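[1] here are the coordinates; sequence isn't available:
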Ligand SMILES: Nc1ncnc2c1ncn2[C@@H]1O[C@H](COP(=O)(O)OP(=O)(O)O)[C@@H](O)[C@H]1O
Ligand SMILES: [Mg+2]
């Protein structure tokens, strides 16, 4: 175990953002919640963090824009340019929005549904297609400590573009059968991309989110996940079902009462474990 100060120093010395995709091929398994709350916690810890919303549903964008507006006394902020426009203009730098100190958002919008079509029309090979976003993101990586990517379920093009630009993947696993299958298929897809492009992509861990607290199905899925992925690959920290999280979708992240603090304390645990896991691999790379 490294001290958190020690990890902070280690990460700050790397002069390029460590990029993390939060994935699972299935929807409704906690991807966006995990991505946003991990990004928020990292920013609070002093890491300069960028959350990239690659889902046309724009749930992460909504949650963070609400968080921003609540902190700025309901100042209405409108987004005049989002990720699809920036991608087609070939420049991602001018769409980034500051949310709170150290936390930045690359916002999405419904027009990001056209991303696959755009790639198909503007690239000549599978490889060019898969690395299109990576090329655009590369110049921004020096400006952040962490970049966290939230992805939609099921889009092959977006999944591949997110994964090839990432150093780490955190797999969001809600305790239901479809989420487990989605995680298994996702790992298979990651393995394929890893060997196709020699990526050095690392699965930082599988983060369980309970559907019901202390349910028998939850126990069963967790046991299965341990067998399939190996116990070490599962986060020790488990995110319980917390009603307050649903309110964050509607009002943004707040820090007002004990229900808020309970959620944020849990994600501090999640984030500290993630930092430990990443520090382990980063030190291995240096050795
Ligand atoms: N730990 C949790 N407790 C209660 N509700 C949660 C929890 N995690 C996620 N949710 C809710 O479950 C729904 C799906 O989560 P979301 O993060 O949007 O999944 P995904 O991005 O994989 O589709 C959302 O309404 C979210 O607020
Ligand atoms: Mg989502």
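    Now that the structure is in, tell me what you want to look at. Everything numeric in this text was worked out from a predicted model, so none of it was measured. Numbers count the residues shown, from 1 in each chain. Ligands and ions are numbered 1, 2, ... in the order given.
[2] so what's the residue count around the closest residue in space to residue 242 that isn't next to it in sequence?
    Spatial nearest neighbour of residue 242, excluding adjacent residues (Cβ to Cβ, 6 or more residues apart in numbering): residue 263 at 5.4 Å. (C-beta placed from N, C-alpha, C; glycine too.) Number of residues near residue 263 (other Cβ atoms under 10 Å) recorded here: 23.
[3] below-threshold pLDDT in the stretch 101-250 of the chain: ranges please.
    Of all residues in the stretch 101-250 of the chain, none has pLDDT under 70.
[4] now the helices: where do they sit in it?
    Assigned by DSSP state H, counting those that start in this stretch, the stretch 101-250 of the chain shows helices spanning 115-122, 126-130, 132-137, 156-164, 177-197, 216-229, 243-251.
[5] tell me which of those helices is the most buried.
    helix 156-164 (a mean of 21; mean count of other Cβ atoms under 10 Å).
[6] what angle do it and helix 177-197 make?
    With axes from the mean of the first three to the mean of the last three Cα atoms, to 10 degrees applied, the angle from helix 156-164 to helix 177-197 works out at 60 degrees.
[7] what about the helix or strand where the residue nearest to residue 242 lies, average pLDDT?
    Taking DSSP states H and E as the definition, residue 263 sits inside helix 258-286. Helix 258-286 shows an average pLDDT of 97 in the prediction.
[8] relative to helix 243-251, how tilted is that helix?
    On the basis of the same axes, to 10 degrees, helix 258-286 is oriented at 90 degrees to helix 243-251.
[9] so for helix 258-286, what gets flagged as buried?
    Residues 263-264, 266-271, 273-279, 282 are the ones in helix 258-286 that count as buried (16 or more other Cβ atoms under 10 Å).
[10] related to what we said a few turns ago, is the residue nearest to residue 242 in contact with residue 246, as I believe?
    No: assessed by Cβ atoms under 8 Å, residue 263 is found out of contact with residue 246, at 10.5 Å.
[11] that older thread, which of the buried residues of helix 258-286 sits closest to residue 221?
    Nearest to residue 221, judged by Cβ to Cβ, of the buried residues of helix 258-286 is residue 270 at 18.2 Å.
[12] ok, the closest residue to the closest one other than its chain neighbours - contacts?
    Leaving out its chain neighbours, the residue that sits closest to residue 270 by Cβ to Cβ, 6+ apart is residue 237, at 5.0 Å. Contact analysis of residue 237 by Cβ atoms under 8 Å, 6 or more residues apart in numbering lists 207, 266, 269, 270, 273.
[13] residues of the protein that sit close to ligand 2?
    Contact residues, the chain versus ligand 2 (Cβ under 5 Å from the ion): 31, 32, 59.
[14] what is the burial count for the closest residue to ligand 2 within the chain?
    Nearest to ligand 2, among the residues of the chain, is residue 32, at 3.2 Å (Cβ to the ion). For residue 32, the count of nearby residues is 26 (other Cβ under 10 Å).
[15] what residues does the helix or strand harbouring it touch?
    Per DSSP H and E, residue 32 falls inside helix 31-44. The contact list for helix 31-44 (Cβ under 8 Å, 6+ apart) reads 20, 22-24, 49-51, 55, 59-60, 63-64, 67, 99-103, 145-146, 148-151, 153, 170, 172, 207, 209, 239, 245, 248, 253, 263-264, 267-268, 270-271, 274.
[16] give me the buried entries from the residues you listed.
    With burial judged by 16+ other Cβ under 10 Å, the buried subset of the contacts of helix 31-44 is 20, 22-24, 49-51, 55, 59-60, 63-64, 67, 99, 102-103, 145-146, 148-151, 153, 170, 172, 207, 209, 239, 245, 248, 253, 263-264, 267-268, 270-271, 274.
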